[in-house]
Structures are given as structure tokens and as C-alpha cells.
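Visitor: sequence and predicted model, in that order:
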Amino acid sequence: FYWGYNRAEKFAVLCVRGTDGVKDVLTDLDILPEDYRGAQVHRGMMGGAKKIAAKLAKPLQDLHAEGFRIFVIGHSLGAGTGALCALLLKEEHGMDVACYALATPAVADVALASRMRGYVNTLVCADDVVPRASLHNTRLMNEELTELKWGKLMEEDFRKTKAGKMAEYVGVKYDELRSDWSIRASQQQAFAKAKQVSQDLGKSAADQMRKMKLAAGALAARGLQ
């Protein structure tokens, strides 16, 4: 992290960076809940927030006493750690603090998040997975994936592909392709069937043309007689 202050403008800024290294990844993955005053928080990021708060509480308190505004800024891992650090600075050290967190992971339960709403501002880009990847949401996703009808979805998706349309055109049933879920294998089967049909049609057309030529030749021979 980095922190600094501006005496002319009377504000201090604490910046917490995102994941950068194996230790940070381990902190990200330490997702088991930890109790904080009856609420649940992200254990790994709360550990980081406590270390930062322990180092900076005294100098930030001195600046706060002089009328300095205190800002905390972070992204991803830094956003989650920064939000919890702002929580500690406010609730345990009595500072007025404002936190701006980008792509914040789920670091607090609903009740605590509501309590932090007045001074923690989070920004999420569209469907970014990081702010949604909580332990609770992961369990819900696992349940939904387990109940999902994969076979039906694959059949519907396959029918929309070129291979699926070709298979339907030449009369290959989807059930005949289910033994191998590989789209490439399915394409090969479909096109092989199409090639065979094409060859059969070509052979039939050639036979018909040969018969027509023989018939025409016979008629011409009779005319000469």
C-alpha cells in the first residue's frame, strides 16, 4: 500500500493495490468468514486491513485531529482490503473516512455492508465476476450447475451450428451423435453423411444420364435405318 497527505489541501490518501503475487492470491483465496462485532467479513482481507490500520492509525488520527479529510482508494484485492480498513479506521479509531473501491470483492455480509454504505463507495464494471465471487454465490452456482439440463442445452446449441443444420438437412438424428459430445466429431459425422448422400445422388444422376444417352443413341440408330 501507499499513503500520503497534502497539507495545503488538508487531505490524506491511503491507496491499496490489487493482487500482485502469490501471497496476494493466497489472501484472495482465504475466503472463510471471520466474525467482526457480530457480522461476517472476508478473513484474508480483514487480516490485511488490520495490519494496515495498525501501522497507520496513529499518523492518520493526528492528521484527522488537524482537520484533514481521510480517503481510502483500492482496486480488487485492494478495494476489499481498503473497504475493511476504512471500517476499522471509522469504527475503532473514530475517524471520518471516505472509501472509493473499484471492483470490490464480497468482503462483508449484508447487514455490515448496509452499515458501511455511508462512507464506502463501490464501483463495478458491468458483469465483472470479482465482486460477485463470494462463497455464498459460489455455492449457489454449484447447485444451479448441478441441476442444469446439460444434454438438452447441448442439443439446442448443436442444432444452431452449421454442423447441426447440415446433420438435420441430410437426415442425421441428434441421438446418433450423442455418443460423442465433440462438435468436431459431430461435424465430421454430419459431413461424412452429406458426402455419402452427395455421392449417391451423383451416382444416380450419372446412371440416369448414361441411360438417357443410350436411349438417345438407340433412337438415332433407328432413324438412320
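Guide: Everything's here; your move.
Visitor: how about the strands of the protein, start to end?
Guide: Remark: strands assigned in the chain by DSSP state E are 2-6, 11-16, 33-36, 39-42, 69-75, 97-102, 120-123.
Visitor: between those strands, which one is nearest to A133?
Guide: Nearest to A133 among the strands of the chain is strand 39-42; the distance by CB to CB comes to 10.9 Å. Where you see a C-beta, it was placed from the backbone N, CA and C, and this is true even at glycine.
Visitor: could you say what helices and strands the closest one packs with?
Guide: Secondary-structure packing of strand 39-42 (3 or more CB pairs under 8 Å, 6 or more residues apart in numbering; DSSP states H and E): strand 33-36, helix 77-91, helix 110-116.
Visitor: which strands and helices sit next to the longest one?
Guide: Where contact means 3+ CB pairs under 8 Å, 6+ apart, helix 77-91 is packed against strand 11-16, helix 22-29, strand 39-42, helix 43-65, strand 69-75, strand 97-102, helix 110-116, strand 120-123.
Visitor: ok, the fifth one: who's next to it in the sheet?
Guide: Spelled out, that is strand 69-75. On the basis of DSSP bridges, the sheet neighbours of strand 69-75 come out as strand 11-16 (parallel), strand 97-102 (parallel).
Visitor: would a markdown table of those strands with distance to L32 be doable?
Guide: Output for the strands paired with strand 69-75, formatted as a markdown table (distance: least, CB to CB, whole Å):
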| stretch | distance to L32 |
| --- | --- |
| strand 11-16 | 21 |
| strand 97-102 | 21 |
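Visitor: how about the ones you listed in a markdown table, adding mean neighbour count, distance to A111 and mean pLDDT?
Guide: Shown next, in a markdown table, are those (neighbours: other CB atoms under 10 Å; distance: least, CB to CB, whole Å; pLDDT from 0 to 100):
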| stretch | mean neighbour count | distance to A111 | mean pLDDT |
| --- | --- | --- | --- |
| strand 11-16 | 20 | 24 | 96 |
| strand 97-102 | 22 | 18 | 94 |
